[in-house]
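Engineer: Dropping a prediction and its sequence here:
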Amino acid sequence: MQLFDELIVAIAPSEAKHPLFPFDERITLMQRSVDLIANTEGRVRVIGFEGLLADLIRRENAHAILRGLRAVSDFEFEFQMALMNRRLVHEAETVFLMPALSWVYLSSSIVKNVARHGGDITGLVPDHVRDAIYARVGRDS
């Protein structure tokens, strides 16, 4: 059984989070990561968007939003966002996914901090992302 015709990985600018890479480069890195996953058969599209996720959902005729929850502390914010998205687009459902226990502690801030201080981030991100992070923070891979 096929659950979806197409999966969209939507990337927003998120300047408040102080991303390590420019918006366009984040999209390119994610597309390369998706291309490395077996069996996607072109059914995963990576796009950048600005504005409300609800507007993107309408434009793309999407039906579900997948969000990850690492810890209980993520839930309150994500729950508020899910309720607002439901108010704006009644027909779109938000589905929360929990990571494996081995990934619960991981965040982009931790990965960036480890890389900046000379730590090994191999296995925490795809190799091409690791190399891009090391290049950005001035470390050889």
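Structural biologist: Structure received.

Engineer: buried set for stretch 110-122?
Structural biologist: 111-112, 115, 121 (16 or more other Cβ atoms under 10 Å). All C-beta spots, glycine's among them, are computed from the backbone N, C-alpha and C.

Engineer: and Leu66, how many residues sit next to it?
Structural biologist: For Leu66, the tally of surrounding residues (other Cβ atoms under 10 Å) stands at 12.

Engineer: Check the spacing between it and Asp74 real quick.
Structural biologist: Taking Cβ to Cβ, to the nearest Å as the measure, Leu66 falls 14 Å from Asp74.

Engineer: Tell me which helix or strand comes right after the helix or strand hosting Ser109.
Structural biologist: With elements delineated by DSSP states H and E, Ser109 resides in helix 108-116, which encompasses its position. Towards the C-terminus, the helix or strand next in line after helix 108-116, according to DSSP H and E, is helix 127-137.

Engineer: tell me the angle of that next one relative to helix 108-116?
Structural biologist: Between helix 127-137 and helix 108-116, the angle comes out at 70 degrees (axes from the mean of the first three to the mean of the last three Cα atoms, to 10 degrees).

Engineer: List the residue ranges of this structure that fall below the pLDDT cut-off.
Structural biologist: Applying pLDDT under 70 to the chain flags the ranges 1-4, 38-40, 141.

Engineer: So which residues of it form strands?
Structural biologist: Ranges of strands within the chain are 7-11, 44-48, 64-68, 93-97, based on DSSP state E.

Engineer: Please convert these to TSV, extending it with distance to Thr28.
Structural biologist: Listed next are the strands of the chain as TSV, based on distance: least, Cβ to Cβ, whole Å:
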stretch	distance to Thr28
strand 7-11	10
strand 44-48	9
strand 64-68	21
strand 93-97	24
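
Engineer: Would you mind measuring the gap between the ends of stretch 33-41?
Structural biologist: According to Cα to Cα, to the nearest Å, stretch 33-41 extends 14 Å from its N-terminal end residue to its C-terminal end residue.

Engineer: What is the longest helix of this structure by residue count?
Structural biologist: Across the chain, the helix with the greatest residue count (assigned by DSSP state H) is helix 72-88.

Engineer: Could you export that helix as CSV, CA atoms only?
Structural biologist: Backbone C-alpha positions of helix 72-88 (Å, rounded to 0.1, in the frame of the first residue of the first chain) are rendered in CSV as follows:
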residue,chain,number,x,y,z
VAL,A,72,8.6,16.7,25.9
SER,A,73,9.9,20.3,25.8
ASP,A,74,9.3,20.4,22.0
PHE,A,75,5.6,19.4,22.4
GLU,A,76,4.1,22.6,23.7
PHE,A,77,5.4,24.7,20.8
GLU,A,78,4.6,22.1,18.2
PHE,A,79,1.1,21.5,19.6
GLN,A,80,0.4,25.3,19.3
MET,A,81,1.7,25.3,15.7
ALA,A,82,-0.4,22.2,14.9
LEU,A,83,-3.6,23.9,16.3
MET,A,84,-2.9,27.1,14.3
ASN,A,85,-2.3,25.2,11.1
ARG,A,86,-5.5,23.2,11.7
ARG,A,87,-7.4,26.5,12.2
LEU,A,88,-5.9,27.9,8.9
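
Engineer: All set, thanks.
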